[in-house]
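# What shape does this take:
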Amino acid sequence: MNNHIRSMSEVLTGIAEMRSQGDKVKALQDVNHVVLRNLLICMYDPTVKILLPEGTPPYKPSASHEQQGALWREGRKLKYFVEGQGGEQVQPMKRESIYINLLESIDPHDAELMIQMVSKKPIKGLTAETINKAFGPIISKKEVVKRAKTAAKSPAKPKRKVTRKKAS
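The predicted structure follows:
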């Protein structure tokens, strides 16, 4: 079975529909691909910040049936959409243009998977626990702490009085 011909969404849907966690873990390990792991990390890890607006952008889904395996190749572009991976160095308009071009160049079901990743909506039937059992602890169990809450709890620093020397 050659997973690189099937779309990533087709592979993940098949895995999510499996009954036992053990079967899901084994199937994920069999597919073990860097793009798949990175997509799952972006989708499930609450500490990973996606630098794209949530929701469906204005794009035209690909009509070509030859695009089924394209996300396996084009997934290297995920780095442009993630904070800390170089994405913040790309201008927001350029980043969104790369994203829309990616969505238009891959299988329509994979495009929906990418939109789901940006919105951080997990795949039904596939948990972070199962992913971590398959690939090791790649998804953080930490909850994201809102900065506003932390700032409100930290004591305020006393303001220093600035004195200037008078010019002679």
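
# Only C-alpha atoms from now on, for both contacts and neighbour counts.
Noted.

# In the chain, where's the longest helix?
Longest helix in the chain by number of residues (criterion: DSSP state H): helix 92-105.

# And that one, what's buried?
92, 95-96, 98-100, 102-105 (16 or more other C-alpha atoms under 10 Å).

# likewise stretch 78-96?
Neighbour count says stretch 78-96 has 78-82, 87-88, 92, 95-96 buried, by 16+ other C-alpha under 10 Å.

# rewinding a little: mind giving me the packing neighbours of the longest helix of the chain?
On a contact count with 3 or more C-alpha pairs under 8 Å, 6 or more residues apart in numbering; DSSP states H and E, helix 92-105 meets helix 108-118.

# Just want the angle from the helix it packs on to helix 92-105.
Interaxial angle of helix 108-118 relative to helix 92-105 (axes from the mean of the first three to the mean of the last three C-alpha atoms, to 10 degrees): 150 degrees.

# What lies in contact with helix 108-118?
Applying C-alpha atoms under 8 Å, 6 or more residues apart in numbering, the contact partners of helix 108-118 are 7-10, 39-40, 42-43, 50, 52-56, 61-63, 71, 102-104, 122.

# repeat for stretch 69-83
Outside stretch 69-83, the residues that touch it by C-alpha under 8 Å, 6+ apart are 4-8, 35-36, 38-39, 42, 48-52, 85-88, 90, 95, 99, 102, 105-107, 110.

# pLDDT and distance to Met18 added to the buried residues of stretch 78-96, as a markdown table?
Listed next are these as a markdown table, based on pLDDT from 0 to 100; distance: C-alpha to C-alpha, whole Å:
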| residue | pLDDT | distance to Met18 |
| --- | --- | --- |
| Leu78 | 95 | 27 |
| Lys79 | 95 | 30 |
| Tyr80 | 96 | 32 |
| Phe81 | 96 | 30 |
| Val82 | 95 | 30 |
| Gly87 | 89 | 35 |
| Glu88 | 92 | 37 |
| Pro92 | 95 | 39 |
| Arg95 | 96 | 35 |
| Glu96 | 97 | 35 |
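
# I'd like to know which of these are part of helices.
In this view, the buried residues of stretch 78-96 that belong to helices under DSSP H are 92, 95-96.

# Not including adjacent chain positions, what is the nearest residue to the residue nearest the centre of the chain?
Geometric centre of the chain, nearest residue: Cys42, 2.3 Å, by C-alpha atoms, centre = their mean. Of all residues not flanking Cys42 in the chain, Val48 sits nearest, at 6.0 Å (C-alpha to C-alpha, 6 or more residues apart in numbering).
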